[in-house]
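>>> I would like to see how this sequence folds:
(4 chains)
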Number of protein chains: 4
Amino acid sequence: MNFDYTESQRYWIDRIQTFTNNEIIPALTRYHEEDRAGERFKALPVVDELKAKARAQGLWNLFMPPQSGHEPVDDTFVWEGQTLTNLDYAPLAEIMGKLPYAGEVFNCSAPDTGNMEVLMRYGTREQKDAWLRPLMEGTMRSAFLMTEPGVASSDARNIQTSIRREGDEYVITGRKWWSSGAAHPRCKIFILMGKSSPDEAPYRQQSMILVPSDTQGVTIKRMLPVFGYDHGPHGGHAEIILDNVRVPATNMLLGEGRGFEIAQGRLGPGRIHHAMRSIGVAEAALEAMARRLPTRSTFGEVLSRQSLWENRIAEARIDIEMARLLCLKAAYMMDTVGNKIAKAEIAMIKVAAPRVALKVLDDAIQAHGGAGVSEDFGLAEMWATSRMLRIADGPDEVHMRQIARMEFGKYAEAAE
Amino acid sequence: MNFDYTESQRYWIDRIQTFTNNEIIPALTRYHEEDRAGERFKALPVVDELKAKARAQGLWNLFMPPQSGHEPVDDTFVWEGQTLTNLDYAPLAEIMGKLPYAGEVFNCSAPDTGNMEVLMRYGTREQKDAWLRPLMEGTMRSAFLMTEPGVASSDARNIQTSIRREGDEYVITGRKWWSSGAAHPRCKIFILMGKSSPDEAPYRQQSMILVPSDTQGVTIKRMLPVFGYDHGPHGGHAEIILDNVRVPATNMLLGEGRGFEIAQGRLGPGRIHHAMRSIGVAEAALEAMARRLPTRSTFGEVLSRQSLWENRIAEARIDIEMARLLCLKAAYMMDTVGNKIAKAEIAMIKVAAPRVALKVLDDAIQAHGGAGVSEDFGLAEMWATSRMLRIADGPDEVHMRQIARMEFGKYAEAAE
Amino acid sequence: MNFDYTESQRYWIDRIQTFTNNEIIPALTRYHEEDRAGERFKALPVVDELKAKARAQGLWNLFMPPQSGHEPVDDTFVWEGQTLTNLDYAPLAEIMGKLPYAGEVFNCSAPDTGNMEVLMRYGTREQKDAWLRPLMEGTMRSAFLMTEPGVASSDARNIQTSIRREGDEYVITGRKWWSSGAAHPRCKIFILMGKSSPDEAPYRQQSMILVPSDTQGVTIKRMLPVFGYDHGPHGGHAEIILDNVRVPATNMLLGEGRGFEIAQGRLGPGRIHHAMRSIGVAEAALEAMARRLPTRSTFGEVLSRQSLWENRIAEARIDIEMARLLCLKAAYMMDTVGNKIAKAEIAMIKVAAPRVALKVLDDAIQAHGGAGVSEDFGLAEMWATSRMLRIADGPDEVHMRQIARMEFGKYAEAAE
Amino acid sequence: MNFDYTESQRYWIDRIQTFTNNEIIPALTRYHEEDRAGERFKALPVVDELKAKARAQGLWNLFMPPQSGHEPVDDTFVWEGQTLTNLDYAPLAEIMGKLPYAGEVFNCSAPDTGNMEVLMRYGTREQKDAWLRPLMEGTMRSAFLMTEPGVASSDARNIQTSIRREGDEYVITGRKWWSSGAAHPRCKIFILMGKSSPDEAPYRQQSMILVPSDTQGVTIKRMLPVFGYDHGPHGGHAEIILDNVRVPATNMLLGEGRGFEIAQGRLGPGRIHHAMRSIGVAEAALEAMARRLPTRSTFGEVLSRQSLWENRIAEARIDIEMARLLCLKAAYMMDTVGNKIAKAEIAMIKVAAPRVALKVLDDAIQAHGGAGVSEDFGLAEMWATSRMLRIADGPDEVHMRQIARMEFGKYAEAAE
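Here you go, the predicted structure:
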């Protein structure tokens, strides 16, 4: 047991923090200006420039783990970027989480990261060449079409979109929403989860399949706001109609009926990436609050000397420390014993991290008064995004249930 | 002690609820369409039509209490509409709170209501004729310029905007923000709080003065979003620069140095109106949740049968019942013993009501999954508005302090 | 709607408060001395003396409502004492709740009150003469044998104790616990709930029957502590073995299979009495805290001036105000529309009142430091008793479920 | 960074767990019987027997760290037992925390551990031979006289007990309470904190001095209950009068005016030991709950299948995991960078660990119904002890303030 950052972690923290300080933070004003100008869903020149710089410095694709010996590696597919463990990546994702667009600069932003992992692990060589390569080069973006408006799709068995084989093609019909990034002009590929095999066992009925975004029958019906934010530069959140969409049979991932298996594999890393970033969000909120309070006084006493605010600051520090440790432990376990055995820890931090972020953000908003709910400090938007994380990739309730079932399982032989 | 609605309450509840059901709810789609079309800040035809209908039926200006014998009544100023007690008005405000625009239909929307009360109580006959009459006729709107960006303006002594006498004029210079409604094209008058008498005692330095919105030197610098929402149809929330703005000396309200006194008088009713509406918001959220849960299932069980959700529903019901009773009691006390003696109860419900609304809304959002954070059920926007209420008209911390000081005061002779 | 105490309420509040101030509070030291001396379970002379005084002044049996027209009245049974409505009684119970033994002084202490209501409503004239009369004269005490150690007896259908008819007798076998008051030397009668009719519908299988405490086969196995307290002067909480206990068939209450019906009738008033007292407990804790904080300083500032403590004091005041109003409304409804229609409100305050008391007590304990967890201010013991109330007469979970089912029921036709 | 237990940790966990399973748990019934028999404050034969066994196996004095290079080591004082790091000791203390008397068996129980550390670090050779040796041999016990009834002694400057030099003696007068263990018949030595130097700087006025418990003028005034528990076998919590108590000048520790310095050194380890044990308490409560819930059903569904209980179980698991990691990190930092630099982490876990224990215990109590508040599962007593920990060794408020001051300090140059 050792709670110090390793040399490797410190090396990468230093590099990412330095790049962030020197390049990303100074560009923040330009980012907001470009965001506000013109179309809502677009690639920002400032991001493209920063991506080029980061890539040139080897700060690229840091999220892709060395697969830790638990999965067969396709070593014929050579790609550019770093191969860091989850433990090495965690503090980097935390740094990226503090800013609204840093993840994209390092080609480490959702949902692409999760989709790249799927393609890396489960894709054929042809699928990799066609879709994974441009994603890892940062020239293309992607979306993940899982959630459906009509059902509680946190229970995968509820999914309704149909994938039907017809000759050399699959025909897809259904409705998806919360397809993040789908409106980005560079978003060219969707990974879609649907029901292909209704007669199989409940968790063998689903498949995942690749759907190019410009296929006939694909329509973006509308973009969904999150508490009034459209998340424009990230490509927003789309509701998508799929009406008899036809794709080649070779677009199937891994095989019919294996969608649930892929989802399990994909969601682990995706969830912990969000958690890592949430720790960064919470730190950013705590820092904002700790900087703000000494500048305001009421009734003759500066706020930072009022015990109510001292208490909130201390709560924030304690909660962040604990959540970060759990997040790092989950990452460590993913590296050492694999995502499957780490599933309890992943579920725990999936729930715990956004909760901490929301709590600290709420106090930070209150500390900023009217400025807190406005755009001036980014706190309100961070809150909205964090609130979405209690629902995205499975709502809290589903993860809590899973954690509890494992806990009861420890004594099951005796009791049930 | 009697917990039944009175005959008068039941009469008005029935009339407002009937009008809401028959006229306002059916127009909701049109409201949203008109909101989305064209300019962001504008008068909506649908609202104008409904206002005309409501006024024709005598459902107009319901918020204006009969001044309950505690203030001298100016009975020379005759106005159109009903004179209801706070207790009679409370359940009506609750009904209005469930919809985003019902208050305006009955000419009962903030900040006009508070401003009209100020003019009614403290205005001269000339000020009333010029500004109160069109406000009560619903042809004009108004804003209240209190909060400032640079200081904790919840402590009125911190206010910086200067009001300086020069001959027959006052010259006003400063910066205000969170001036709600100021961008509405019909917003013609501001009530501004500033510092006129820096040499007086701390609570005698402030004055309130009337500033026509088109006076030279008044500039709307920008509109402030609330969690991504601009509150367009209500006229948004403005940051306003006042640069040597000159108004006639007759625009002073009540007299130099009496601004704090007016603020105390104004904020009591304003706060309880927000509280009443918050009860309605919480009821709307509970209803949405109770309707949603039976329609979704996970892991083989409908959500409304899962004890976690039962528990949340019951929490919501308990919290709403308790908050409503406290709100009604505060209204009752305002009617019977006056706003000043009711200040503890007003402070309590100012804090308690938005808190209940936020709690129920958060659960309702979670119950709706992705639909909850989007625009589909209005829950996210209601949450954002309710969150602002923990800051507007004095942040929670200031009210909690006031309540505590009164509590300690009960034993003060013995202890301090 | 009227939130002022009525003349009748004020009259009784004044009388009970005066008696409490003049007689009960001065005797507190003597009460604790007699409690500590000799046997643990005993009648205290100080209580007997105070009872005689209270009875002589007509402050007696205040809890027994006039049955509000909803139940047939047995007007042949004349008894001594006052007939107050639940609304009149509520503030009196609140006053009694502030002291550990005031309820008994006025012959208004649990579980006797609930048992007397059962006998009054459902007892035959013979049962009344034998058991109700001495209870109402304060010369006898009683216990209610409902809960069982082996099952979740909050679901009445789980009850296992058998009541079997044999000729002119019933034979009772089973095990009960949390039979409060059973070890009091004057406890002569038990009302026992058992299963008599296993072949009937689920809620028609239970009966209630009178069991004299000295019947052969009745054994007190042990006394149960509550967080280390034995509640000695109240007769403690017993675990009782019933081994082929035989009672005359005339001891049956109301009729075989009607136990659930009686339980519903008994528990409503019992629950609200506990709630009323809990409001008093919370007020006592708030007062203790508000008196303590100005007497202690840390880091150069008196605690009552520290915003963290101001916030806790204000939270306590808000929560108490809201809970009291809900409690009074529930009492009002019991008086006006009957216990059955008031069941939602009764369930709500059953949950809400002890929760408020626990919260305020926890803060008050913290405010008192080491003195808070000790015996010096009675806070720890009040906490323990209040904690028990979240379990007694049905745990919170059962009441929350009931409240939720009613809430879903409002929309049931549409959704389920 | 490495989250696996080290080989050393696993070795000691295995040994302590094995001894606990084989020796301590089987003796639990005997422990409770001996506890209940005879005097309240006494040495239990069962504990003496187990101590002998543990000592014979080298499971002894495990709490005493190797002083980690940060303090000069007195290597002339040879003692029996293991020298484990805080990190090695933490999981052992967690195991001990699950049972009410395991700590004493391994000679690792408070307050002796803290007192032994004080003597080891700051005692002279003579003081060590006289008092430290029998403490480390387990033949003597000790108490720590810090807290005073009349002031908020969490602020050390408030301490009133006077230590006055007279010739070769010090004369001590004052009143202390919450002197844990003082009534144990083997408690022979007190470490007392008092004010010796009222004219020095605020944190140089206090001294610590050794007071044999049988010195003339020392009187135990009374024993203090904790929520009704007297903590008999541990020697209870005493209120002690010191009336002109005279001790040799050589009993002074470290030197006049250095009491605050020693307190800082003592309280770090003491606080983390309590925290470690609190993690064990929380685990014990979670296990009890997870074993109980599958055995009870309400309304046709076993409790462990009800989502409300699933949620509580999962909350408990998450909170425990996070608190344990923070506790281990604090221990690691104490080992690697010293207690002083680890003070933020120590303060955090001092607050966080009892809070988690209380939360899990409260849910576990609710899950056990009446059995939860009684003596049957030990949950209520564990709750009471954990509640005391939010006050002992400095109340939460003091630690939160300290954490906040450090947080603000990070940005202090910029802001204040």
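
>>> So for stretch A:210-222, what gets flagged as buried?
Buried positions in stretch A:210-222, judged by neighbour count with 16 or more other C-beta atoms under 10 Å in any protein chain shown: A:210-211, A:213, A:218. C-beta: built from backbone N, CA, C; applies to glycine.

>>> so the helix or strand harbouring residue A:381 versus helix B:379-389, what angle?
Take DSSP states H and E as the rule and residue A:381 turns out to sit in helix A:379-389. Counting by axes from the mean of the first three to the mean of the last three C-alpha atoms, to 10 degrees, helix A:379-389 lies at 140 degrees to helix B:379-389.

>>> what residues does helix A:379-389 touch?
By C-beta atoms under 8 Å, 6 or more residues apart in numbering or on different chains, the residues outside helix A:379-389 that reach it are A:100, A:226-229, A:231, A:274, A:278, A:281, A:284-285, A:288, A:353-354, A:357-358, A:361-362, A:364-365, A:368, A:372-375, B:225-228, B:365, B:373, B:380, B:384.

>>> what's the distance between residue A:46 and residue A:218?
Counting by C-beta to C-beta, to the nearest Å, the gap from residue A:46 to residue A:218 is 30 Å.

>>> quick one on the thing from earlier: strands - which of the buried residues of stretch A:210-222 land there?
A:210-211, A:218 (DSSP state E).

>>> any chance of the residues you listed in JSON lines, plus distance to chain B?
Output for those, formatted as JSON lines (distance: C-beta to the nearest C-beta, whole Å):
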{"residue": "A:210", "distance to chain B": "23"}
{"residue": "A:211", "distance to chain B": "20"}
{"residue": "A:218", "distance to chain B": "20"}
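
>>> returning to what we had before: tabulate the buried residues of stretch A:210-222 (a markdown table), appending pLDDT.
Formatted as a markdown table, these follow (pLDDT from 0 to 100):
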| residue | pLDDT |
| --- | --- |
| A:210 | 98 |
| A:211 | 98 |
| A:213 | 98 |
| A:218 | 98 |
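
>>> Save those residues as JSON lines, and put in distance to chain D too.
Shown next, in JSON lines, are the buried residues of stretch A:210-222 (distance: C-beta to the nearest C-beta, whole Å):
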{"residue": "A:210", "distance to chain D": "35"}
{"residue": "A:211", "distance to chain D": "35"}
{"residue": "A:213", "distance to chain D": "38"}
{"residue": "A:218", "distance to chain D": "37"}
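
>>> Any part of stretch A:1-20 near chain D?
Yes - using C-beta under 8 Å from any C-beta of the partner chain, we find that stretch A:1-20 touches chain D at A:1-6, A:9.

>>> So for that stretch, mean pLDDT?
For stretch A:1-20, mean pLDDT is 97.

>>> Which residues does it contact?
A:53-54, A:57, A:59, A:62, A:82, A:84, A:87-88, A:91-92, A:95-96, A:99, A:102, A:106, A:325, D:1-6, D:9, D:87, D:328-329, D:332-333, D:336.

>>> Let me see the ranges of the helices in the stretch 1-150 of chain A.
Applying DSSP state H, counting those that start in this stretch to the stretch 1-150 of chain A gives helices spanning A:7-19, A:28-36, A:45-56, A:86-97, A:102-105, A:112-122, A:125-127, A:133-136.

>>> Same list, those, but as a markdown table with mean neighbour count and distance to residue D:164 please.
A markdown table is the format used below for those (neighbours: other C-beta atoms under 10 Å in any protein chain shown; distance: least, C-beta to C-beta, whole Å):
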| stretch | mean neighbour count | distance to residue D:164 |
| --- | --- | --- |
| helix A:7-19 | 15 | 54 |
| helix A:28-36 | 14 | 64 |
| helix A:45-56 | 17 | 70 |
| helix A:86-97 | 26 | 55 |
| helix A:102-105 | 26 | 64 |
| helix A:112-122 | 23 | 70 |
| helix A:125-127 | 13 | 86 |
| helix A:133-136 | 20 | 77 |
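
>>> wait, what's in contact with residue A:288?
Contact partners of residue A:288, counting by C-beta under 8 Å, 6+ apart, are A:364, A:367-368, A:377, A:379.

>>> any idea how far it is from residue A:379?
Residue A:288 is 7 Å from residue A:379, by C-beta to C-beta.

>>> for residue A:105, same thing?
22 Å.

>>> Could you do residue A:394 as well?
In terms of C-beta to C-beta, residue A:394 sits 26 Å off from residue A:379.

>>> which one of the two has more residues nearby?
residue A:379 (28 against 23; other C-beta atoms under 10 Å in any protein chain shown).

>>> and residue A:246, which of the three is it?
strand (DSSP: H, G, I helix; E, B strand; the rest coil).

>>> Please report the number of neighbouring residues for it.
16.

>>> The closest residue to it other than its chain neighbours bridge partners, please.
Distances taken as C-beta to C-beta, 6 or more residues apart in numbering or on different chains place residue A:169 nearest to residue A:246, at 4.8 Å, with adjacent residues excluded. Bridge pairing for residue A:169 (DSSP bridges) gives the partners residue A:166, residue A:248.

>>> any idea how far the closest residue to residue A:249 other than its chain neighbours lies from residue A:148?
Distance criterion C-beta to C-beta, 6+ apart; nearest residue to residue A:249, sequence neighbours excluded, is residue A:168 at 5.1 Å. Per C-beta to C-beta, residue A:168 is found 27 Å from residue A:148.

>>> Grab the longest helix from chain A for me.
Longest helix of chain A, by residue count under DSSP state H: helix A:259-292.

>>> Is the residue in the stretch 101-250 of chain A that chain C sits nearest to in a helix, a strand, or coil?
Of all residues in the stretch 101-250 of chain A, residue A:152 sits closest to chain C, at 14.9 Å by C-beta to the nearest C-beta. What three-state DSSP gives for residue A:152 is coil.

>>> Pull the contacting residues for it.
Applying C-beta under 8 Å, 6+ apart, the residues near residue A:152 are A:158, B:296-298, B:303, B:369.

>>> Chain B contacts on the stretch 151-300 of chain A?
Going by C-beta under 8 Å from any C-beta, the residues of the stretch 151-300 of chain A near chain B are A:151-152, A:154-155, A:158, A:177-178, A:224-230, A:296-299.

>>> mind redoing it with 6 Å?
A:152, A:155, A:178, A:224-229, A:296, A:298-299 (C-beta under 6 Å from any C-beta of the partner chain).

>>> Cool, thanks, talk later.
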